[in-house]
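Participant: Just a sequence and a predicted model for now, questions to come.
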Amino acid sequence: MEVPNLRPAAEKAAPERTNGRSHSSPATDHAHAYQEGVRAFANEDFAGARRKFHSLLLGDAGNAEVLAACGHCALHEGDARKAAEFYARAESENSALPDVLYRQALLMIQSNDWEPAAQRLVHLSKSPPEIREGTFYLGLLFDSTTEFLCDVRLHLGQMALDQGNEAEARGWYLQSLEAKQDNVTALQRLGELAILSKKYIEAIGHLNRILETSPLEDDRINAHNNLGIAYYENGALEEAINHLTYVLRHAPSNATAIHNINFIYEREGIFHRPDQMARGIRFVDVAEGAQPIFELTDVGELNGSAEVAIIGKSAEMLRVMRLARIAAARDTPVLIRGENGTGKELLAQVIALNSSRRDAPFSVLNCAAMPEVLLESEIFGHEKGAFTGARAPKQGRFELARGGTIFLDEVSGLSPMLQGKLYRALNDGRFLPVGGTRTIPVEVRIIAATNRDLQEMIAQGLFREDFYYLLNVIGIELPPLRERRADIPLLVDFFLDKFSRRSNVSKARVSAEDLQILMDHEWPGNIRELENLIQRSVVMGSKSSLYLEELVRLRRTKSTTARETAGFPEKIAYPIEITLAELEKRHIISVLESCNHHQKKAAQILGINPSTLWRKLKQYGLESAE
């Protein structure tokens with residue numbers, strides 16, 4: 001548990017103890033030792049203070065104040081378990097010591113023991129102790145009763161928010177603000193809470209007060225970031241951009257501001273607007289800021305030693321890489337979604353190699369490739385005799401990849417039971433090997449990937465909602481190759497160069513006609529299919545063009561698709577008064593009927609993802625058309 005530093009005080013070694021009421025001192029013959037213990041503690045000699053206080057317990061084992069002091073020493077030395085034991089003993093002797101109630105409550109919050117923590121903090125909020133700066137113990141943490149009250153009410157607010165009670169949290173934050181009008185933390189929390197509740201005017205009021213009262217740059221940057229969100233959601237686009245550009249001027253690599261401003265630009269179509277706003281705003285790309293972590297790689301920039309490269313220049317891949325850059329800078333879980341063959345594992349590698357864990361292991365685990373019992377053992381490890389065949393203890397991926405990244409491929413293949421165990425381990429920061437009794441800290445980062453619609457699986461009861469939200473802190477959707485056709489020439493050139501060097505042959509040339517065939521193909525296998533085709537072409541083909549057999553196959557596929565869609569008239573007559581939404585709905589119905597309601601085929605004809613088609617069917621009430 002992190003313990004705040006003691007406050008400096010003019011008389012830091014003062015032996016006086018003030019907890020809001022009159023306490024009797026330890027026995028007279030022990031008074032000098034007690035004062036020396038307090039003095040050592042105030043000077044941050046916690047080991048020396050502990051020895052003094054422990055000596056007092058030899059003659060007075062039930063002294064609540066001395067027991068509390070021993071607990072404080074243990075806590076500031078980093079032994080929270082020992083501190084909790086001393087606090088429990090002190091409370092059994094005197095249940096009204098404010099410093100004990102305060103410290104017990106914070107320890108209980110750490111272990112999610114909400115109710116007793118709340119009881120103690122509410123009591124302290126209603127009956128706060130009198131605190132003078134420099135006095136033992138609370139006076140070494142807070143300079144006044146007001147500061148103490150603010151802190152207690154902030155903890156109560158955060159506890160309520162963690163339990164999903166936003167109204168109660170807001171009440172405690174307001175009480176904290178009443179105690180101290182320039183309480184920046186309370187203003188920040190109230191602003192964030194107002195944004196969550198879509199009360200944007202209220203949020204703007206709280207956040208602007210931070211700019212008026214706090215000179216600290218970190219406080220101001222956080223306020224400007226949140227003001228950008230609040231103003232944008234309230235319809236004030238230019239004001240929102242002004243606040244976000246302030247952040248980027250003062251902290252050019254601030255990932256939150258980069259993400260928010262690019263989100264606004266894309267959503268508002270500012271890139272393509274010819275008006276004054278478009279001319280006055282420049283695109284914040286991944287290369288801006290201090291130094292880019294990584295960016296999209298053009299084929300001409302690659303050298304022969306490149307092991308991991310993201311190839312592309314399309315707008316779809318720019319969006320992917322902006323999110324990937326943020327993911328690399330943050331040590332949070334990432335969920336990558338995309339069809340098979342789109343490069344989910346490669347993107348996970350890029351994120352890991354550009355993160356703070358780049359020098360630690362990158363461990364890949366296919367969650368759909370083994371039975372549940374073996375998969376649990378593979379993840380968490382097991383003890384000898386944990387199950388039939390466990391003849392020796394085994395370390396799991398969580399231990400073997402310590403300090404690094406675990407890539408959970410096909411995470412949708414996990415059973416609900418294993419989802420629950422992983423959720424608990426990642427949420428608590430500790431896990432238990434199969435058959436084990438000793439918990440081990442989680443020291444890995446999780447990147448997960450799936451080709452399935454997890455929200456649909458949640459609705460079907462196949463995927464845990466809490467585990468989904470834990471993984472989806474940063475969500476990245478990789479587009480299929482048919483939705484990023486502008487990247488096909490770059491990918492073809494890259495794969496030709498790669499396999500030509502590997503096969504020790506001259507690099508083949510692709511004619512314009514052949515390249516057009518590749519551009520027109522739907523690529524159901526995505527990049528993996530393209531890579532495989534180029535590899536076979538290099539091995540089997542001539543230097544002049546792609547392998548003839550592959551081209552014939554692609555031409556045949558193209559002709560078949562053309563015949564399948566030939567039944568549609570060139571022009572479909574609709575009333576001129578029809579809305580665009582109704583037109584789209586009717587066209588979707590026509591396409592579905594033409595391919596016997598085969599959704600995947602219909603999505604290919606429409607040029608959209610199957611998941612997009614599913615959402616549109618739901619939007620237009622066409623679920624029955626499935």
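Facilitator: Nice, I can see it. Numbering: from 1, shown residues only.
Participant: In the stretch 451-600 of the chain, where is pLDDT below threshold?
Facilitator: Applying pLDDT under 70 to the stretch 451-600 of the chain flags the ranges 541-578.
Participant: Helices of that one, residue ranges please.
Facilitator: Assigned by DSSP state H, counting those that start in this stretch, the stretch 451-600 of the chain shows helices spanning 454-459, 465-471, 488-503, 512-520, 526-540, 548-565, 580-594, 599-606.
Participant: Relative to Q104, which of those is closest?
Facilitator: Closest to Q104 of the helices of the stretch 451-600 of the chain is helix 465-471 (CB to CB; 28.3 Å). (C-beta placed from N, C-alpha, C; glycine too.)
Participant: What helices and strands are in contact with that closest one?
Facilitator: Judged by 3 or more CB pairs under 8 Å, 6 or more residues apart in numbering; DSSP states H and E, helix 465-471 is in contact with strand 334-337, helix 416-428, helix 454-459.
Participant: who's in contact with the longest one?
Facilitator: Taking CB atoms under 8 Å, 6 or more residues apart in numbering as the criterion, the residues outside helix 416-428 that touch it are 333, 372, 375-376, 379-380, 398, 414, 431, 442, 446, 461-464, 466-467, 470.
Participant: so what secondary structure elements neighbour whatever helix or strand comes next after it?
Facilitator: Using DSSP states H and E, the helix or strand that follows helix 416-428 towards the C-terminus is strand 430-431. Packing partners of strand 430-431 (3+ CB pairs under 8 Å, 6+ apart): helix 416-428, strand 440-441.
Participant: how far out from the middle of the chain is the first one?
Facilitator: Same thing as helix 416-428. When C-alpha coordinates are averaged (CA atoms, centre = their mean, to the nearest Å), helix 416-428 and its chain have centres 16 Å apart.
Participant: repeat for the shortest one
Facilitator: When distances are taken as CA atoms, centre = their mean, strand 440-441 is centred 21 Å away from the chain's centroid.
Participant: who touches that strand?
Facilitator: So strand 440-441 is contacted by F398, E399, G429, R430, F431, L432, P433 (CB under 8 Å, 6+ apart).
Participant: right, so of the helices and strands packed on helix 465-471, which gets closest to A64?
Facilitator: Short answer: helix 416-428, nearest of the helices and strands packed on helix 465-471 by CB to CB, at 32.3 Å.
Participant: mean confidence for that closest one?
Facilitator: Taken as a whole, helix 416-428 has a mean pLDDT of 90.
Participant: now stretch 160-169
Facilitator: Mean per-residue pLDDT for stretch 160-169: 86.
Participant: still on that earlier bit, select only the buried ones of the contacts of helix 416-428 in PyMOL?
Facilitator: The following PyMOL line selects those of these that are buried, judged by 16 or more other CB atoms under 10 Å:
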select buried, resi 333+375+376+379+380+398+414+431+442+446+463+464+467+470
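Participant: Going by neighbour count, list what's buried in the strand or helix carrying T185.
Facilitator: Using DSSP H and E, T185 maps to helix 184-196. Across helix 184-196, burial judged by 16+ other CB under 10 Å covers V184, T185, A186, L187, Q188, R189, L190, G191, E192, L193, A194, I195.
Participant: again, but for stretch 357-364
Facilitator: R357, A360, F362, S363, V364.
Participant: pLDDT, secondary structure and distance to T256 for those - can I get that in a markdown table?
Facilitator: Shown next, in a markdown table, are the buried residues of stretch 357-364 (pLDDT from 0 to 100; DSSP: H, G, I helix; E, B strand; the rest coil; distance: CB to CB, whole Å):
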| residue | pLDDT | secondary structure | distance to T256 |
| --- | --- | --- | --- |
| R357 | 90 | coil | 21 |
| A360 | 90 | coil | 25 |
| F362 | 92 | strand | 26 |
| S363 | 91 | strand | 29 |
| V364 | 92 | strand | 30 |
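Participant: Of the residues you listed, which is the nearest to V350?
Facilitator: The closest of the buried residues of stretch 357-364 to V350 turns out to be F362 (CB to CB; 10.6 Å).
Participant: circling back: can you tell me which of the helices of the stretch 451-600 of the chain comes nearest to G164?
Facilitator: Closest approach to G164 among the helices of the stretch 451-600 of the chain (CB to CB): helix 465-471, 12.2 Å.
Participant: Local confidence estimate at V411?
Facilitator: Per-residue pLDDT puts V411 at 94.
Participant: Mark which of the contacts of strand 440-441 are buried, thanks.
Facilitator: F398, E399, F431, L432, P433.
Participant: Now for these: which two are most distant?
Facilitator: Taking CB to CB, no two of the buried ones among the contacts of strand 440-441 sit farther apart than E399 and L432, at 12.0 Å.
Participant: ok, how many other residues are close to the closest residue to L515 other than its chain neighbours?
Facilitator: Distances taken as CB to CB, 6 or more residues apart in numbering put P489 closest to L515, at 6.3 Å, once the chain neighbours are dropped. The criterion is other CB atoms under 10 Å. On that basis, P489 has 15 neighbouring residues.
Participant: for V320, same thing?
Facilitator: Counted with other CB under 10 Å, residues neighbouring V320 total 24.
Participant: Next one: the nearest residue to L592 once chain neighbours are set aside from G396, what distance?
Facilitator: Spatial nearest neighbour of L592, excluding adjacent residues (CB to CB, 6+ apart): A602 at 5.1 Å. In this view, A602 and G396 are 43 Å apart by CB to CB, to the nearest Å.
Participant: same check, this time on K585
Facilitator: Relative to G396, K585 is positioned 50 Å away (CB to CB).
Participant: What of G134?
Facilitator: As judged by CB to CB, G134 and G396 stand 50 Å apart.
Participant: Can I get the buried ones among the contacts of strand 440-441 in a markdown table including pLDDT?
Facilitator: Below are the buried ones among the contacts of strand 440-441 laid out as a markdown table (pLDDT from 0 to 100):
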| residue | pLDDT |
| --- | --- |
| F398 | 91 |
| E399 | 90 |
| F431 | 88 |
| L432 | 87 |
| P433 | 87 |
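Participant: Out of these, flag the one nearest to A508.
Facilitator: Lowest distance from A508 to these (CB to CB) belongs to F398, with 45.5 Å.
Participant: burial measure for N242, as a count.
Facilitator: 14.
Participant: Buried ones in the helix or strand hosting it, by neighbour count?
Facilitator: Secondary structure from DSSP H and E places N242 in helix 237-250. By neighbour count on 16+ other CB under 10 Å, the buried set for helix 237-250 is E239, A240, I241, H243, L244, T245, Y246, V247, L248.
Participant: Equivalent analysis for stretch 511-521, please.
Facilitator: Judged by neighbour count using 16+ other CB under 10 Å, the buried positions of stretch 511-521 are D514, L515, I517, L518, D520, H521.
Participant: Nearest the geometric middle of the protein, what residue?
Facilitator: Against the mean C-alpha coordinate of the chain, by CA atoms, centre = their mean, the closest residue is V473 at 3.1 Å.
Participant: Find the nearest non-adjacent residue to that one, please.
Facilitator: Of all residues not flanking V473 in the chain, T332 sits nearest, at 4.3 Å (CB to CB, 6+ apart).
Participant: Can you report phi and psi for that neighbour?
Facilitator: In terms of degrees, to the nearest 10, the main-chain angles of T332 are phi -120, psi 160.
Participant: thought it was touching G475?
Facilitator: No: taking contacts as CB atoms under 8 Å, T332 lies outside contact range of G475: 11.1 Å.
Participant: how deep is the nearest residue in space to C73 that is not next to it in sequence tucked in, by neighbour count?
Facilitator: Leaving aside its chain neighbours, C73 sits nearest to R50 (3.9 Å; criterion: CB to CB, 6+ apart). R50 has 22 neighbours, counted by other CB under 10 Å.
Participant: Against N94, how distant is R50?
Facilitator: Distance, R50 to N94, by CB to CB: 20 Å.
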